[in-house]
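*Asks:* just the structure for this:
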Amino acid sequence: MRWLPILICSLGLAAAVRAPAAEGVPDERTAIYRQFRSAFDAGNFAGALPLAVQVVDLTRNQFGAEAPEMANPLGNLATTWLRMHEFGKAFDNFRQALTLLDLQGNTTNPKLVAPLHGMGLALQGLKRDDEAITPLKRAVDIVRNRSGLYAAAQLPMLMALIDCYAATGRTEDASREQQYAYTVAETAYGKNDLRLLAPLDRFARWQEALGHYTSARTLHARAVEIADAAQPGSLLAIDGLRGIARSFRLAYLNGETEDAQLAADDLPGSLVNSKARQQASQASETERTLRDALRRLDAVPDDHSALRGAVLIDLGDWYLTAGAGARALAAYRDAWRALATAGDTTSLATPVAVAYHPPPMAVAHKPENPDEFTQQVVELRLSIAANGELRAVTVANPAAEREPAERAVISAARRALWRPAFSYGEPVSVTDFIFSERVNVRRSR
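*Replies:* Numbers count the residues shown, from 1 in each chain. Alright, predicted model coming up:
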């Protein structure tokens, strides 16, 4: 999931950095640039790469290696490397473009935004999230300075910045910027615009990750409200309906503290007093919202088998959580048939921990000080029966220095609630399933 916002941001980034140079461009450079654009826009990044290199070389020959005219061609080359997941090469070229623009001495130059954004994405790709914060924050600041505090242009950089804060354990910063991002979107698009559905979903999933299930339901319910106001009974509301059901299921599993419930009062004012919040608190049960989603799918003539399969998996997970094993298996069988119609049953091909609480030393709880801890991966080899029962567990990659962490992960896996694997529409036993957990291990002194 973490890569999705990065890839989406890179789309906007490419649009920002691939603008052609203005007047006075030699015919050869213009022609090659157009070939680059054609290949890039077609998704042929391997074909676009040598063309981007040619444009860089031709621009260097015409203007010189340190000319500001080099910034756009370098940005194009960097963006191509980024799309190819060559993050180190992308970072180097974005840094060169940024250096050339910085030499002009204008710290609020809007042309700085694209290479700063690109550097941040490349550093994320290199798993250097802490370093990515600085260029991303600078890009956001430039947009706000030039276009206003609530300019929609900052949203791609802001999403990447939030991911970096979350990855480095800066939860308060991530929460603050999540709420700010939603306010930006609401200000830019209006309170009832369908473009709010994606920001609402992202904001709600963040609240779920924090354990703020009441807040999450409010946001998901608001998405349903907006979708149905625009197109009553449409499929646009299905993500919100699934979110409501998921947040109820998570609350059923994990409970919710008084502080988390009070956090709902800190949502933007347009949500705190909305009809959606009342509906979210009055929703009777998880199953109702999922049945609503299935009814919507049944009412449309088009085939949405993949989405139907996903909703049925949600329904099965709820039944499994509630202890209704037979109903869970029936829902999973229906889901498999729908997914088979869509041509992809991989989401049911392996076991899944429907209810799993990571041990205290898991990185998922919080990254520790790297001077005192290392992050290591514990791999368990599990045998899971067709009814989801965990029959056997061993450590696949044992290491003496992390034995306590291994025991803790084993204990967590034994307490988990497992959805079984399915093959040809029926649950099957799996004897060699690898389950991984990243843990903090104290460095030896």
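*Asks:* now residue 145: closest residue in space that isn't a chain neighbour?
*Replies:* Leaving aside its chain neighbours, residue 145 sits nearest to residue 108 (5.2 Å; criterion: C-beta to C-beta, 6 or more residues apart in numbering). Yep, even glycine has a C-beta here, placed from its N, CA and C like the rest.
*Asks:* same deal with residue 151?
*Replies:* residue 143 (5.4 Å).
*Asks:* where does the prediction get shaky in the stretch 1-150 of the chain?
*Replies:* 1-26 (pLDDT under 70).
*Asks:* swap the cut-off to 90 and go again
*Replies:* By pLDDT under 90, the low-scoring segments of the stretch 1-150 of the chain are 1-27, 104-105, 107-108.
*Asks:* thinking again about what came up before, three-state assignment of the residue nearest to residue 145?
*Replies:* Judged by DSSP: H, G, I helix; E, B strand; the rest coil, the three-state class of residue 108 is coil.
*Asks:* tell me, how many neighbours does it end up with?
*Replies:* 11 (other C-beta atoms under 10 Å).
*Asks:* that one against residue 146, yeah?
*Replies:* Yes. Here residue 108 reaches residue 146: they are 6.1 Å apart, a contact under C-beta atoms under 8 Å.
*Asks:* which residues do these two both contact?
*Replies:* The overlap between the contact sets of residue 108 and residue 146 (C-beta atoms under 8 Å, 6 or more residues apart in numbering) is empty.
*Asks:* just to revisit the earlier point, the residue nearest to residue 151 and residue 131, how far apart?
*Replies:* 20 Å (C-beta to C-beta, to the nearest Å).
*Asks:* more neighbours, those two?
*Replies:* When residue 143 and residue 131 are compared for neighbours, residue 143 comes out ahead with 23 against 16, by other C-beta under 10 Å.
*Asks:* now do the buried residues in the helix or strand harbouring the more buried one.
*Replies:* Following DSSP states H and E, the helix or strand that holds residue 143 is helix 129-147. Under the neighbour-count criterion of 16 or more other C-beta atoms under 10 Å, helix 129-147 has 129-133, 135-144 buried.
*Asks:* which element follows that helix toward the C-terminus?
*Replies:* Following helix 129-147 in sequence order, the next helix or strand is helix 155-167 (DSSP H and E).
*Asks:* just say helix, strand or coil for residue 377.
*Replies:* strand.
*Asks:* what about the closest residue to residue 84 other than its chain neighbours, distance to residue 113?
*Replies:* Nearest residue to residue 84, sequence neighbours excluded (C-beta to C-beta, 6+ apart): residue 45, at 5.1 Å. Distance of residue 45 to residue 113, computed by C-beta to C-beta: 22 Å.
*Asks:* more neighbours: the two, which one.
*Replies:* residue 113 (27 against 18).
*Asks:* confirm that one sits in a helix?
*Replies:* Yes. Per three-state DSSP, residue 113 lies within a helix segment.
*Asks:* so who does it touch?
*Replies:* Counted by C-beta under 8 Å, 6+ apart, residue 113 has contacts 16, 139, 142, 143, 153, 157.
*Asks:* the second one against residue 116, yeah?
*Replies:* Yes. With contacts counted by C-beta under 8 Å, residue 139 reaches residue 116, the gap being 3.8 Å.
*Asks:* determine the residues that are contacts of both of the two.
*Replies:* By C-beta under 8 Å, 6+ apart, the residues touching both residue 139 and residue 116 are residue 157.
*Asks:* what about residue 54, neighbour count?
*Replies:* 18.
*Asks:* now do residue 357
*Replies:* Neighbours of residue 357 using other C-beta under 10 Å come to 15.
*Asks:* which SS class is it?
*Replies:* coil.
*Asks:* okay, and residue 320 sits in which element?
*Replies:* With DSSP H and E as the criterion, residue 320 is inside helix 305-321.
*Asks:* from the contact counts, what lies against that helix?
*Replies:* When contacts are defined as 3 or more C-beta pairs under 8 Å, 6 or more residues apart in numbering; DSSP states H and E, helix 305-321 packs onto helix 238-254, helix 286-298, helix 325-342, strand 352-355, strand 417-419.
*Asks:* what does it rub up against?
*Replies:* 235, 238, 242, 245-246, 249, 252-253, 286-287, 290-291, 293-294, 297, 325, 327-332, 334-336, 338-339, 341-342, 344, 347-348, 354-355, 388, 417, 419.
*Asks:* ok, of these, which come out buried?
*Replies:* 235, 238, 242, 245-246, 249, 252, 286-287, 290, 293-294, 297, 327-329, 331-332, 334-336, 338-339, 342, 348, 354-355, 388, 417, 419.
*Asks:* do you know how far the closest residue to residue 102 other than its chain neighbours is from residue 119?
*Replies:* Setting aside the residues directly before and after it, residue 102 is nearest to residue 112 in space (C-beta to C-beta, 6+ apart), at 7.3 Å. Computed as C-beta to C-beta, the residue 112 to residue 119 distance reads 10 Å.
*Asks:* shared neighbours, those two?
*Replies:* residue 98.
*Asks:* which one of those two is surrounded by more residues?
*Replies:* Between residue 112 and residue 119, counting by other C-beta under 10 Å, residue 119 is the more crowded of the two (26 against 21).
*Asks:* check contacts around the more buried one.
*Replies:* Counted by C-beta under 8 Å, 6+ apart, residue 119 has contacts 91, 94, 95, 98, 132, 135.
*Asks:* with the residues you listed in mind, which one is nearest to residue 209?
*Replies:* residue 132 (19.6 Å; C-beta to C-beta).
*Asks:* now do the contacts for residue 66.
*Replies:* 100, 103.
*Asks:* helix/strand/coil for it?
*Replies:* Residue 66 ends up coil, using three-state DSSP.
*Asks:* what's the distance between it and residue 103?
*Replies:* Taken as C-beta to C-beta, the span from residue 66 to residue 103 is 7 Å.
*Asks:* ok, now residue 311?
*Replies:* The gap separating residue 311 from residue 103 is 55 Å, by C-beta to C-beta.
*Asks:* need the next SSE after the helix or strand containing residue 48, C-terminal direction.
*Replies:* Following DSSP H and E, the helix or strand that holds residue 48 is helix 45-63. Note on helix 45-63: by DSSP H and E, the next helix or strand toward the C-terminus is helix 71-83.
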